[in-house]
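Q: What would the 3D arrangement of this be:
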Amino acid sequence: MTNGLRPFQERGKWGYKNQKGQVVIPPLFDEAGKFFNGIAQVKLCHKVDYIDQMGTMILQSQFDKPERLSHEVTRFEVSNKSVNREIVTIPFQFQEVEHVVLGLERFKNSEKYGYKDKKGQIIIPPKFTQAWQFAEGLALIKIDYKWGYINSLGQIVINCQFDWAESFSQGLARVKIGKKYGYIDLSGQIIIPFNFDYVDRFSECLAAVKIAYKWGYIDLSGQVIISPQFDGADKFFKGQARVRIGKNHKYIDHTGQIVNSPNSNFLKDIEIDTSLKKELRDEK
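A: Numbering: from 1, shown residues only. Okay, the predicted model is just below:
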């Protein structure tokens, strides 16, 4: 999965900006590829390296099967005020990381968690109370009673400050502080404020949220799209979501309008999400 960082060029050097156009990684590189799963390939002084979304170099020994990489770039030629666009292939020495997977595996020793590479060599010593596998270049870890995130070198890049958190997906992660939920991005920036009693995962660009015992839906910016009015709400699937009003179940579209004839494919394929029940059970 790609994240929100995009390469840009300035004075012959490449760096990365976020979706707001803010510089996240300064233009230091001779060449720069797109991010995938939190990893990008860069070239500096004729040497190819890998970086995470913080700009930190990653050891190549942590990758699984880097020979499977492939890369295409767009080359522009300007002539007589016209622009010719051509897709060209760059040889193996500089490629996108679409198939690169961090080869770090979680392990446990003396009630603490760390990470080893594929050869069994310890890359990150066991020092975490809890830890999950890497996702998009970061791993969710717990120190004492708080959750945060580390990069592939074991450096804490998002401080342990959350009472609950999950791994990143598509550049976002749900987190909880106190009794309120929100979303952060890969830099730790709060994307959706902690205004909700619960937030579900996004599906079709909408997420169910709970405010004062009622459920509604927000978009990726955190704006309420369907006002909290339901007693229960599921994820959207094929343009529809199941909601509960009292003891009755209805189906709505992306605007919140009741659908009188639910999509037959929706009824056939929908799987009721149990994540809320599991989380509430785990918190007891």
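
Q: Might you report the residue contacts of the residue nearest to Ser152 when sequence neighbours are not counted?
A: Take Ser152 and drop its neighbours on the chain: the residue closest to it by CB to CB, 6 or more residues apart in numbering is Ile58, 4.9 Å away. Using the backbone N, CA and C atoms, a C-beta is placed for each residue, glycine as well. Applying CB atoms under 8 Å, 6 or more residues apart in numbering, we find Ile58 in contact with Ile39, Asp49, Tyr50, Ile51, Asp52, Leu102, Asn151, Ser152, Leu153.

Q: how about a cut-off of 10 Å?
A: By CB atoms under 10 Å, 6 or more residues apart in numbering, the contact set of Ile58 is 38-41, 49-52, 100, 102, 137, 151-153.

Q: pretty sure Asp30 is touching Gly12, no?
A: Yes - look at Asp30 against Gly12 with CB atoms under 10 Å: they come within range, at 8.2 Å.

Q: Those two: who's more crowded?
A: When Asp30 is set against Gly12 and neighbours are counted by other CB atoms under 10 Å, the residue ahead is Asp30, at 14 against 7.

Q: For the more buried one, give me the pLDDT.
A: Looking at Asp30, its pLDDT is 91.

Q: Output the below-cut-off pLDDT ranges for the stretch 51-200 of the chain.
A: 59-102 (pLDDT under 70).

Q: The same query, at a cut-off of 80, please.
A: 57-103, 170 (pLDDT under 80).

Q: where's the spatially most central residue of the chain relative to Lys112, distance?
A: Geometric centre of the chain, nearest residue: Gly171, 2.6 Å, by CA atoms, centre = their mean. According to CB to CB, to the nearest Å, Gly171 and Lys112 sit 29 Å apart.

Q: Enumerate every residue touching Pro27.
A: Contacts for Pro27 were tallied using CB under 10 Å, 6+ apart; they are Pro7, Phe8, Gln9, Glu10, Arg11, Gly12, Lys13, Trp14, Gly15, Tyr16, Lys17.

Q: same check, this time on Lys179
A: Asp163, Phe194, Phe196, Asp197, Tyr198.

Q: taking these one by one, which sit in helices?
A: Counting by DSSP state H, none of the members of the contacts of Lys179 fall within helices.

Q: For those, which single residue is the most surrounded?
A: Using other CB under 10 Å as the neighbour criterion, Phe196 leads the contacts of Lys179 with 26 neighbours.

Q: my guess is that residue contacts Tyr217, does it?
A: No - with contact defined as CB under 10 Å, Phe196 does not count as touching Tyr217 (11.2 Å).

Q: Spell out which residues are contacts of both of these two.
A: Both Phe196 and Tyr217 are in contact with Ala207, Ala208, Val209, Val224, Pro228, where contact means CB under 10 Å, 6+ apart.

Q: Make a ChimeraX selection of the buried ones in the residues you listed.
A: The ChimeraX selection below is limited to those of the shared contacts of Phe196 and Tyr217 classed as buried (16 or more other CB atoms under 10 Å):
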select :207,208,209,228
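
Q: could I get the shared contacts of Phe196 and Tyr217 as CSV with pLDDT, secondary structure and distance to Val157?
A: Converted to CSV, the shared contacts of Phe196 and Tyr217 look like this (pLDDT from 0 to 100; DSSP: H, G, I helix; E, B strand; the rest coil; distance: CB to CB, whole Å):
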residue, pLDDT, secondary structure, distance to Val157
Ala207, 95, strand, 24
Ala208, 97, strand, 29
Val209, 97, strand, 27
Val224, 96, strand, 31
Pro228, 97, strand, 34
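
Q: Could you save the shared contacts of Phe196 and Tyr217 as TSV and add columns showing distance to Asn159?
A: Output for these, formatted as TSV (distance: CB to CB, whole Å):
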residue	distance to Asn159
Ala207	24
Ala208	28
Val209	25
Val224	29
Pro228	31
